[in-house]
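Participant: Predicted coordinates and the sequence they were generated for:
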Amino acid sequence: MRNWRFGLGMIAVALLALGTMAGCVVRTPDDDTNPEDITGSEARAMKAAVAATSALAQSTDVTQTSTGDIDTEAKTRGSRQLDLPDITFGTCPEVTKTGSILEDDLTITIDFGDEPCTAFTADEEFTLVCSGSASGTVSATGLAVGLEFNDITCNDESLSGSANLALGLLVPGVSVEGDWDLTWNSDGDTVSTAGEGRGTYMPVLTGCCDITTIEEYTGTVSEQQDEWSLTMENVQISLEEYYCLVPFSGVVVVDGPAIRAMTITFSETSPTTGEITISIENGRTITTDLEQLEEWAEAAFTE
């Protein structure tokens, strides 16, 4: 059963509980020591940066649902159907376009409903249950979309905020470029990110895996009263392959006045082992895992 492309393939891929680092990550290291004296503040900043990748991925996937899927649905009804004022399809979510495709702005709603529904099931091993909605407008002539995410909650991970993006329709898929202002809540931890960048959602037709890629992103990430600068490059996530939101490739850099520049590099083993590489100020590197990063972040409350 697969009603929705939730993959940055949405994102979010088992939707990993980033607060507890549960989900697809299986921790392997036994050493809890911190060989590089990473401070609690630096660990908190890195943890928030990892959460921001989930928020951007989920946002990109919902945008795919509101644009590429509507285009596909309209074409399956025949070219004359493009002029009809309304198109509604799907159940989880239900997607509705109001207004003629020939008008400048179409009204779009992506609604999972007030009661949670099953958005994605993979071989009965993983089920994604979602509620909430997104709504906004799509410019048919200007190829632009503006969406508000209204507490889209999947497996206890939630997304709110907004995106104003220029569209590039791929065959199949969609590329997006513009501004995001998002809030992500996982296991009671709330992280916000705001910035601009470019991303793609591309279904892979052979082999496996819908893939969401944050090609580049520059902005900020904040948690509670702290804010840090944030950049991402070629961060890739696949829900269908890993059933969690841990990236399987890419680089994230977080920096700020009270921390050193911390670079996180993900690999194809990151979703299954949690293993990441951290570079401190483009110098020393260490290999650790996401659960250990969580433990280091807790030190921020005792510093």
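Facilitator: Nice, I can see it. Numbers count the residues shown, from 1 in each chain.
Participant: need the strands for the stretch 151-300 of the chain, in chain order.
Facilitator: Ranges of strands within the stretch 151-300 of the chain are 157-169, 174-186, 189-202, 211-223, 226-237, 249-256, 259-266, 275-280, 285-289, based on DSSP state E, counting those that start in this stretch.
Participant: buried sites along the helix or strand containing Thr121?
Facilitator: Element membership for Thr121, per DSSP states H and E: strand 105-122. For strand 105-122, the neighbour count (16 or more other C-beta atoms under 10 Å) marks Leu106, Ile108, Thr109, Ile110, Asp111, Phe112, Pro116, Cys117, Thr118, Ala119, Phe120 as buried. Just so you know, the C-beta spots here come from the backbone N, C-alpha and C atoms, and that holds for glycine as well.
Participant: do stretch 261-275 as well
Facilitator: Applying 16+ other C-beta under 10 Å to stretch 261-275 flags Ala261, Met262, Thr263, Ile264, Thr265, Phe266, Ser270, Pro271, Thr273, Gly274, Glu275 as buried.
Participant: Leaving aside the residues adjacent along the chain, what's closest to the fourth one?
Facilitator: Nearest in space to Ile264, with sequence neighbours left out and distances taken as C-beta to C-beta, 6 or more residues apart in numbering, is Val252 at 4.6 Å.
Participant: hang on, the earlier thing: now the strands of the stretch 151-300 of the chain in TSV, please, with extra columns for mean pLDDT and distance to Gly132.
Facilitator: Output for the strands of the stretch 151-300 of the chain, formatted as TSV (pLDDT from 0 to 100; distance: least, C-beta to C-beta, whole Å):
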stretch	mean pLDDT	distance to Gly132
strand 157-169	92	7
strand 174-186	94	12
strand 189-202	94	16
strand 211-223	96	19
strand 226-237	97	20
strand 249-256	98	26
strand 259-266	97	27
strand 275-280	96	30
strand 285-289	92	31
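Participant: Could you say which one of those comes nearest to Val129?
Facilitator: Ranking the strands of the stretch 151-300 of the chain by proximity to Val129 (C-beta to C-beta) places strand 157-169 first, at 10.8 Å.
Participant: so which of the strands of the stretch 151-300 of the chain gets nearest Asp151?
Facilitator: strand 157-169 (5.4 Å).
Participant: Relative to that closest one, what are the paired strands and their orientations?
Facilitator: strand 144-154 (antiparallel), strand 174-186 (antiparallel) (DSSP bridges).
Participant: Buried residues of that strand, list them for me.
Facilitator: Neighbour count says strand 157-169 has Glu157, Ser158, Leu159, Ser160, Gly161, Ser162, Ala163, Leu165, Leu167 buried, by 16+ other C-beta under 10 Å.
Participant: So the residue nearest to Leu290 when sequence neighbours are not counted versus Val129, what's the distance?
Facilitator: Take Leu290 and drop its neighbours on the chain: the residue closest to it by C-beta to C-beta, 6+ apart is Gly274, 4.1 Å away. In this view, Gly274 and Val129 are 24 Å apart by C-beta to C-beta, to the nearest Å.
Participant: Same question for Phe149.
Facilitator: From Phe149 to Val129 the distance is 17 Å (C-beta to C-beta).
Participant: Pop out the phi and psi values for Gln224.
Facilitator: Main-chain torsions, Gln224, degrees, to the nearest 10: phi 50, psi -120.
Participant: Just give me the neighbour total for it.
Facilitator: Using other C-beta atoms under 10 Å, the number of residues around Gln224 comes to 11.
Participant: That one and Asp189: what is the separation?
Facilitator: 10 Å.
Participant: same deal with Ala163?
Facilitator: Applying C-beta to C-beta, the value for Ala163 to Asp189 is 22 Å.
Participant: How about Met202?
Facilitator: 30 Å.
Participant: who's more crowded, these two?
Facilitator: The neighbour count for Met202 versus Asp189, taken as other C-beta under 10 Å, is higher for Met202 (22 against 19).
Participant: Tell me if I'm right that the more buried one and Glu215 touch.
Facilitator: No: counting by C-beta atoms under 8 Å, Met202 sits too far from Glu215 to count as a contact (11.2 Å).
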